[in-house]
Structures are given as C-alpha cells and as structure tokens.
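Colleague: give me the fold of what follows.
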Amino acid sequence: MEIRWYRPDQYSTPVLLYLNHKVMTDLQKERYRNRTSLSLREENSAGLKGGDVSLELKNLNMGDRGMFHCFVSGDKAYGSCTLALNLTALGSSPVLSLQPQGDQVNVTCRSCGWLPKPRVEWKLSEQKIPGPGGLLFSQEGELTCVQSWVLLSPSRSGPISCSISLPGGEEKDGHVDIQNILCLKHGGGPWKAISAVSTLAAVALAAISIYFYRKYKTGYTAVKKGQEAEETAYPNPNMEELRKAAVSITLDDRRTCPGLMVKNKLVRDKEGVADTHREPGFPYHLSVYGRNSFSSGRAYWEVGLISPNIQPKTSWLIGVTKASNDFTENKHDDMTPSKGFWFLYLSKQTGLRVNTEPEISLPLVSRPESVGVLLDYDQGELSFYNVKEGICLVTMKTKFQGQVLPMFNPGIGDEAPLKILDTAGPSAVPAEGASSPTDNSVKIP
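Modeller: I've put the predicted structure just below:
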C-alpha cells in the first residue's frame with residue numbers, strides 16, 4: 001500500500017510517503033521532516049484499515065498555505081484527491097495614538113500580523129461610527145498591517161474603541177477615553193490640552209489615567225475634569241519648583257542585567273550586546289534598578305540622554321517598578337501597570353510610547369535631551385518632563401502599593417550612555433537607604 005501526500009508539481013519530493021507499512025523519509029521534502037504523520041480524522045476512526053489516510057501537519061507557517069494532493073494505491077485499486085489548506089493569523093493588539101489636528105483630535109489605530117485582510121470598526125460610547133476618516137493596508141511579508149483613524153470634535157466625548165477582526169470573528173480591541181478637550185475662546189482655537197484615559201476591559205487591577213499635553217506658545221498645559229476653559233494659557237511647569245523634590249538616585253549594580261555596564265551614574269549596553277540581541281523590538285531585559293525605594297511623598301530626578309560629540313540616544317526606557325519585580329524576567333507582555341511597571345520609552349521601531357494597556361503612542365517632534373521624572377506616590381501620579389523645553393510629556397495616574405524603585409534601560413546600540421543627572425541640591429532629601437543592603441527606603445516630606 002502506498003500513501004503519498006505532496007504539493008503541486010512536487011510528486012517526487014512528497015510531504016509524506018507511506019510505503020511497505022512504514023513512513024519513508026528518504027524522499028521527503030526537508031521542510032516537512034518531523035512535522036508530518038498519518039493521523040486519525042476522528043477518535044472512533046478505524047485508521048488505515050478503514051480507509052482513513054488523514055495527514056497531520058504540525059507547526060504551521062505561511063509556506064504551508066495552498067493545495068495538497070493525496071494519492072493512495074493498493075493491490076486492487078487506487079485513488080486521489082486534492083485539498084486546500086487555508087491559514088489565518090490573528091494580529092497584534094491595536095496601538096492607539098492621539099494627535100491634535102486643527103480644532104479636532106485625530107485618533108489613530110494600528111495593528112500588524114493579520115491574515116487575511118482584517119476589517120476595522122470604530123465605536124464611540126458603544127455607538128458605531130459609520131465610516132473611519134481613513135483606512136490603509138500594507139504588507140509585511142505574507143501578513144497585513146492596518147492603520148485606521150477618525151477625527152473627533154472636542155464636543156464629542158466618551159470611550160472610543162477600535163476593533164480589528166478576521167472574517168471568522170476573531171478580533172483584537174483597543175480602547176481610549178477622550179476627556180476634557182478644551183479650546184481657547186479666541187486666537188484661532190489652539191488646544192489647551194488633551195486628557196486621555198487608556199483602559200482595557202480585561203485589566204481590572206490597575207486604573208491608569210494618561211494626560212497628554214499640547215504646546216501652547218512655549219508651554220504645555222493640563223486640564224482637569226470639569227475645569228472651565230480660560231482665555232489665557234496655563235503656565236509652564238516650574239522646573240525649579242520640581243527640583244525642590246529632587247533626590248539623589250543611585251544605580252543598584254546588584255540588580256542589573258549582565259549585558260549592561262554600570263559606572264557611577266552612567267549605564268549603557270556592553271560591547272557586542274547589540275550583535276547578539278536576536279529578539280525583535282526593544283530590549284526590555286536590559287534594565288537596571290535604583291537602590292532608592294519610595295512608599296510615600298514626592299521624589300524628582302532627571303536623566304540625561306545626550307553626551308558631547310556623540311549622537312543623541314535613539315532608544316531608552318525610564319520609569320518605576322514594584323520593588324518585588326525581577327529584571328531578569330522583563331518581557332514586553334509582562335511589563336504593564338497591572339503587573340507593577342510604569343514607564344515611558346523611546347524605540348527605533350515604534351517611537352515614543354507609554355506602557356498603558358494597550359500602549360499609546362505620543363507625538364514626538366524632537367528627541368528629548370534629558371527627561372525629568374516626578375513621582376507623587378500619595379497622589380498616584382508619575383509625570384515625565386522634557387527638561388530643556390520645560391514641558392510635561394505625559395502623566396500616568398494609578399494607585400501605587402508597596403515600595404517602588406526607579407527603573408532605567410539605555411536601549412541597545414547607542415554610543416551615548418544614559419546618565420542620572422545631579423539635580424539634588426542642599427535642600428533635597430538624601431537617599432538614606434542607598435548604601436544599605438537591607439533598607440533602601442526614602443521618606444520624602
């Protein structure tokens with residue numbers, strides 16, 4: 001008895017060949033070795049004796065799509081059939097970004113890794129939006145990327161969702177709640193602020209509020225819920241006032257990735273790490289924690305991202321993490337607010353993002369030369385500032401529990417290191433626990 005499964009025009013190099021009561025591998029096409037076997041179509045199947053010659057193909061990939069021929073020959077009869085294998089791929093979770101556009105807000109939704117081409121549906125306050133402002137498809141190899149956007153009036157508020165789905169019904173969703181989009185009463189209607197809340201229905205442990213700031217003249221301003229629009233812009237953040245809460249951050253060389261060089265207040269990836277980094281995307285594991293831990297009050301520190309005569313850094317990560325989190329286990333899917341990570345990061349592939357659930361992209365006109373971080377533990381706020389321009393980039397609002405540590409990641413492949421800047425003046429609270437292996441707590445008035 002002969003059972004031969006093969007692809008079109010590849011009869012002599014079969015997917016699987018069963019001959020003389022055994023599977024023959026000598027002629028088998030290399031890409032199918034250790035992936036194929038004869039299997040029962042149903043649990044109560046009688047197998048070969050009952051004429052069941054089903055093929056089991058494991059570890060499917062895009063090259064497996066298409067036609068398969070089956071030829072069966074016995075002592076008294078023979079027959080053949082042709083089957084088509086269709087594959088689907090569920091893409092990535094949508095990434096939402098918000099961008100002021102005239103007197104409206106542009107909400108963009110992007111996702112990759114779909115097969116076949118997906119459909120996109122927008123909803124505002126659970127009501128379907130008839131048609132998006134734009135819809136683009138692009139190819140990444142065999143898979144499809146989709147980008148869609150809608151323009152909303154500031155007068156329309158409420159949760160907006162972007163749902164991307166396959167014809168069979170499988171889908172991925174992204175949600176964002178746009179609030180308090182206020183315009184000036186004169187001057188061409190420039191925006192005073194955009195306030196957004198990123199939520200994910202499946203995440204109940206961490207409520208994260210994201211406040212975005214758009215530049216007005218030379219400053220960015222935040223508008224709280226229920227606040228009336230005024231005719232003058234809010235003042236810029238007072239950087240000197242922020243520095244009154246400055247603390248001296250010490251890098252913890254005991255809790256650093258082996259792929260990093262840590263010297264005093266400098267950290268960068270070791271030579272050769274970029275050559276051995278095979279995983280796509282940002283190297284989240286290349287992190288180092290601060291010795292300082294915080295469980296109350298306010299703390300401020302600054303991080304330098306440039307060095308003289310060296311190109312500015314193109315990737316970095318700055319934020320805080322629960323003291324119990326282990327840097328050796330840092331994977332993108334695990335580094336979320338619900339698991340005790342709060343950070344802002346810049347990636348060559350994805351730009352400037354904040355790690356909400358789902359992530360949100362931030363507009364980036366120019367790369368910051370230094371970033372200020374204000375942790376207000378009691379208020380549950382973590383704010384990031386562009387120090388040179390004196391503007392707030394984003395504020396994350398959450399509820400901290402237990403001790404949190406500063407967290408730094410210099411990215412990979414940059415010549416410039418990441419540097420903890422000395423902003424703590426005589427009035428700053430010293431990092432009392434920085435040199436103690438057992439107590440690194442810092443109490444801030």
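Colleague: against residue 413, how distant is the residue lying closest to residue 242 once chain neighbours are set aside?
Modeller: In this structure, residue 242 finds its nearest non-sequential neighbour in residue 300, 5.1 Å apart by Cβ to Cβ, 6 or more residues apart in numbering. For glycine as for every other residue, the C-beta is placed from the backbone atoms N, C-alpha and C. Residue 300 sits 29 Å away from residue 413, going by Cβ to Cβ, to the nearest Å.
Colleague: OK, contacts around the residue nearest to residue 242?
Modeller: Residue 300 is in contact with 242, 243, 244, 245, 246, 247, 372, 373, 374, 375, 423, counting by Cβ atoms under 8 Å, 6 or more residues apart in numbering.
Colleague: any chance of the residues you listed in CSV, plus distance to residue 24, neighbour count and secondary structure?
Modeller: Supplementary listing: the contacts of residue 300 in CSV, determined by distance: Cβ to Cβ, whole Å; neighbours: other Cβ atoms under 10 Å; DSSP: H, G, I helix; E, B strand; the rest coil:
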residue, distance to residue 24, neighbour count, secondary structure
242, 73, 21, helix
243, 75, 19, helix
244, 79, 13, helix
245, 74, 21, helix
246, 73, 22, strand
247, 71, 25, strand
372, 68, 26, strand
373, 64, 23, strand
374, 69, 20, strand
375, 66, 24, strand
423, 72, 21, coil
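Colleague: quick one, which of these has the minimum pLDDT?
Modeller: Looking at these by pLDDT, the weakest one is residue 423, with 84.
Colleague: distance-wise, check the residue nearest the centre of the chain relative to residue 149.
Modeller: Closest residue to the average C-alpha location of the chain: residue 359 at 5.2 Å, with Cα atoms, centre = their mean. Shown here: residue 359 relative to residue 149, a distance of 17 Å by Cβ to Cβ.
Colleague: cool, and residue 1?
Modeller: In this view, residue 1 and residue 149 are 59 Å apart by Cβ to Cβ.
Colleague: just the element for residue 382, please.
Modeller: Under the criterion of DSSP states H and E, residue 382 resides in strand 381-386.
Colleague: that strand pairs with which strands?
Modeller: Each strand paired with strand 381-386, and its direction, by DSSP bridges: strand 370-376 (antiparallel), strand 391-397 (antiparallel).
Colleague: mean confidence score for it?
Modeller: Here the average pLDDT along strand 381-386 is 92.
Colleague: phi, psi of residue 50?
Modeller: Dihedral pair for residue 50: phi -100, psi 10, per degrees, to the nearest 10.
Colleague: pull the strand holding residue 382 out as PDB, backbone CA atoms only.
Modeller: Listed next in PDB are the C-alpha coordinates belonging to strand 381-386 (Å, rounded to 0.1, in the frame of the first residue of the first chain):
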ATOM      1  CA  GLU A 381       0.900  60.200  39.700                       C
ATOM      2  CA  LEU A 382       4.100  59.600  37.600                       C
ATOM      3  CA  SER A 383       5.000  62.500  35.400                       C
ATOM      4  CA  PHE A 384       7.700  62.800  32.700                       C
ATOM      5  CA  TYR A 385       9.100  66.200  31.600                       C
ATOM      6  CA  ASN A 386      11.200  67.400  28.700                       C
END
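Colleague: pLDDT wise, what is the residue in the chain sticking out farthest from the centre at?
Modeller: Taking Cα atoms, centre = their mean as the measure, the residue most remote from the mean C-alpha position of the chain is residue 76, 60.5 Å away. We have a pLDDT of 83 for residue 76.
Colleague: quick check: it is in a strand.
Modeller: No - assigned with DSSP: H, G, I helix; E, B strand; the rest coil, residue 76 falls outside any strand and is coil.
Colleague: now do it against residue 326, distance only.
Modeller: In this view, residue 76 and residue 326 are 66 Å apart by Cβ to Cβ.
Colleague: before we move on, back to that, for the residue nearest to residue 242, phi and psi?
Modeller: Torsion angles, degrees, to the nearest 10, at residue 300: phi -130, psi 140.
Colleague: please name the bridge partners of it.
Modeller: Here residue 300 sits in beta bridges with residue 246, residue 374, as judged by DSSP bridges.
Colleague: how about the spatially closest residue to the residue nearest to the centre of the chain that is not a sequence neighbour: which residues does it bridge to?
Modeller: Excluding its sequence neighbours, the residue lying closest to residue 359 (Cβ to Cβ, 6+ apart) is residue 353, at 5.0 Å. Beta-bridge pairing for residue 353 (DSSP bridges): residue 345, residue 361.
Colleague: show me the shaky parts of the stretch 251-400 of the chain.
Modeller: 275-278, 327-331 (pLDDT under 70).
Colleague: show me where it has its strands.
Modeller: Taking DSSP state E, counting those that start in this stretch as the test, the strands found in the stretch 251-400 of the chain are 251-256, 260-263, 266-269, 288-290, 293-294, 298-304, 316-322, 341-347, 351-354, 360-361, 370-376, 381-386, 391-397.
Colleague: helices and strands around the fifth one, which ones?
Modeller: The reference is to strand 293-294. If contacts are counted by 3 or more Cβ pairs under 8 Å, 6 or more residues apart in numbering; DSSP states H and E, strand 293-294 sits against strand 404-409, strand 441-442.
Colleague: for the third one, same thing?
Modeller: If you count contacts as 3+ Cβ pairs under 8 Å, 6+ apart, strand 266-269 packs onto strand 260-263, strand 418-420.
Colleague: mind redoing it with 6 Å?
Modeller: Here strand 266-269 touches no other helix or strand, going by 3 or more Cβ pairs under 6 Å, 6 or more residues apart in numbering; DSSP states H and E.
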